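S.K.: prediction below, plus the sequence it came from.
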Amino acid sequence: MKQFKLAVIALLTALTFNACSDDEMHLPPTEPVGTGTAGAFVLNQGNIYDGIAGTLDFLNFSTDAYTSGLFMQANGVQLGDTPQAGMVYGSRLYVAMYGSNLVWCLDAATGSIVKQIAITSPEGICAADGYVYVSCNDGYLARIDTLTLEADEERLEVGPNPAGICTANGSVYVTISDGYNYNNEYANGFRVVRVSTSDFSKQAEIKVGMNPNIVQADADGNVFAVCQGNYGMGISEVKPEVWKILPDNSASTFVPATSIAIKDNTLYTIYNYTNYTTNESTLKYKAYSTQDGTVLSENMLSLTDLPAVPISLSVCPADGHIYITSDRAQYDYNSPGYIYRYTPDGQLVKRYDAGVHPFAVVFK
């Protein structure tokens, strides 16, 4: 647990003067968060139980060339265990490696290692104002200074099993899943913690649905959290649904989904739900307005070219193309998977061969 340390008045005074000069110098990168104009990195989780390491690939949008094993080619070593999330911030790519307890800082142009940053059980990752924020599965939020590439010694305690993370409204939003407490219906979750980016302090705890994980923001600063429910394994079934959080911290249910991606004010969704008590499954692809929940597309993908086993959903900020990662087949965790690329109106552009269990697309 994070323990806040008291400091003597003299030390606080000295730090205050130092902070002024540090803040003046601590400018965010001149390039924004990955825009998707150059290409996309693909994080393949591999299979830690069968000794299959994670890998990093790259899709070049200019040439349509897909490079497998970019990290190994650039560095001569394996990426590590269970890459969970990544993002391009400025000229660097940050990759959260859950199983290896580290965040890689890489040169986004080459994939070569800039620094290895030790962080316990990193899951989600986002950035704002010159800092990279990492949700840690052991209950904390970590912060990395992008100038020094050092993580703060003190992490902020946020709650059991934080998962998804995003920035909006001068804040970091972190979903608290309590994901290992399924026997007690995830009782200590049901919330999103809002943290100030100005002083790394907790601002609010916002009540949402059961077992929240993915979280993203739209162009108006509204935040959307996917709450996965209980997979039909509780006393009564709680189905997955998205909660909408307004900038004033009010929250309410919005639309059903198990995975989301947002571009501007369009919410793209996958509803891929199995009730594990009855073994009944439902799979839908729909798009909604983030403003009022109006259905913009009942079938956002061509029904003749659907992913084999959808895992993650992403939308390119630059051109609106839709990317879905997929395993090769149901329950096949050892074979190379696929990346499906669709036009904004849902027509398949191409299917790319990826690594084992492709888990995330990170735009450059």
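M.R.: Structure received.

S.K.: all helices for this protein, in order.
M.R.: 9-25, 70-75 (DSSP state H).

S.K.: lowest average pLDDT across the ones you listed?
M.R.: Least confident of those, judged by mean pLDDT, is helix 9-25 with a mean of 36.

S.K.: residues in contact with A261?
M.R.: Residues near A261 by Cβ atoms under 8 Å, 6 or more residues apart in numbering: 216, 267-268, 313-315, 322. Just so you know, the C-beta spots here come from the backbone N, C-alpha and C atoms, and that holds for glycine as well.

S.K.: again, only this time at 7 Å
M.R.: 216, 268, 313-315 (Cβ atoms under 7 Å, 6 or more residues apart in numbering).

S.K.: remind me which residues of the chain are low pLDDT?
M.R.: The model of the chain has pLDDT under 70 over residues 1-32.

S.K.: geometric centre of it: which residue is closest?
M.R.: G124 (4.7 Å; Cα atoms, centre = their mean).

S.K.: please report the distance of the spatially closest residue to that one that is not a sequence neighbour from V195.
M.R.: Spatial nearest neighbour of G124, chain neighbours left out: I165 (3.5 Å); criterion: Cβ to Cβ, 6 or more residues apart in numbering. Separation of I165 from V195 (Cβ to Cβ, to the nearest Å): 9 Å.

S.K.: any common contacting residues for these two?
M.R.: Residues touching both I165 and V195 (Cβ under 7 Å, 6+ apart): 172, 174.

S.K.: these two - which one has more neighbours?
M.R.: Higher neighbour count among I165 and V195: I165, with 27 against 22, using other Cβ atoms under 10 Å.

S.K.: surely the residue nearest to G124 is in contact with V172?
M.R.: Yes. Using Cβ atoms under 7 Å, I165 is in contact with V172, at 6.3 Å.

S.K.: mutual contacts of the two, please.
M.R.: 126, 133.

S.K.: of the contacts of A261, which is the nearest to I339?
M.R.: S314 (9.7 Å; Cβ to Cβ).

S.K.: partner residues bridging that closest one?
M.R.: With DSSP bridges as the criterion, S314 is bridged to Y323.

S.K.: list the contacts of it.
M.R.: S314 touches 261, 323, 361, counting by Cβ under 7 Å, 6+ apart.

S.K.: columns distance to I52 on top of those residues, output as JSON lines?
M.R.: As requested, the contacts of S314 are arranged in JSON lines below (distance: Cβ to Cβ, whole Å):
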{"residue": "A261", "distance to I52": "27"}
{"residue": "Y323", "distance to I52": "22"}
{"residue": "V361", "distance to I52": "20"}
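
S.K.: L296 contacts T290, doesn't it?
M.R.: No. Using Cβ under 7 Å, L296 is not in contact with T290; the gap is 10.0 Å.

S.K.: who's more crowded, these two?
M.R.: Comparing L296 with T290 by other Cβ under 10 Å, the one with more neighbours is T290, at 25 against 14.

S.K.: I339 and V42 touch, don't they?
M.R.: Yes. The criterion here is Cβ under 7 Å, and I339 meets it with V42 at 6.0 Å.

S.K.: residues shared between the contacts of the two?
M.R.: With Cβ under 7 Å, 6+ apart, I339 and V42 have common neighbours 354, 358, 361.

S.K.: on that earlier part again, any chance of the contacts of A261 in a markdown table, plus distance to A204?
M.R.: As requested, the contacts of A261 are exported to a markdown table (distance: Cβ to Cβ, whole Å):
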| residue | distance to A204 |
| --- | --- |
| Q216 | 18 |
| Y268 | 27 |
| L313 | 27 |
| S314 | 28 |
| V315 | 28 |
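
S.K.: I176 - how many residues pack around it?
M.R.: The local packing of I176 (other Cβ under 10 Å) involves 27 other residues.

S.K.: partner residues bridging it?
M.R.: According to DSSP bridges, the residues that bridge with I176 are P162, R191.

S.K.: check A251 too.
M.R.: Beta-bridge partners of A251, as defined by DSSP bridges: I245.

S.K.: got the contact list for it?
M.R.: Residues in contact with A251 (Cβ under 7 Å, 6+ apart) are 206-208, 243-245.

S.K.: next, the contact list for the nearest residue to A127 once chain neighbours are set aside, please.
M.R.: Excluding the flanking residues, the one nearest A127 by Cβ to Cβ, 6+ apart is Y89, at 4.2 Å. Neighbouring residues of Y89 by Cβ under 7 Å, 6+ apart: 29, 33, 127, 132, 146.

S.K.: strands of the stretch 1-150 of the chain, residue ranges please.
M.R.: Assigned by DSSP state E, counting those that start in this stretch, the stretch 1-150 of the chain shows strands spanning 39-44, 55-60, 66-67, 83-89, 92-97, 102-107, 113-118, 122-128, 131-136, 140-145, 150-151.

S.K.: got a quick ChimeraX command for the buried subset of the contacts of Y89?
M.R.: Buried residues within these, by 16 or more other Cβ atoms under 10 Å, are selected in ChimeraX with:
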select :33,127,132,146
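
S.K.: looking at the contacts of Y89, which one is closest to T55?
M.R.: V132 (21.8 Å).
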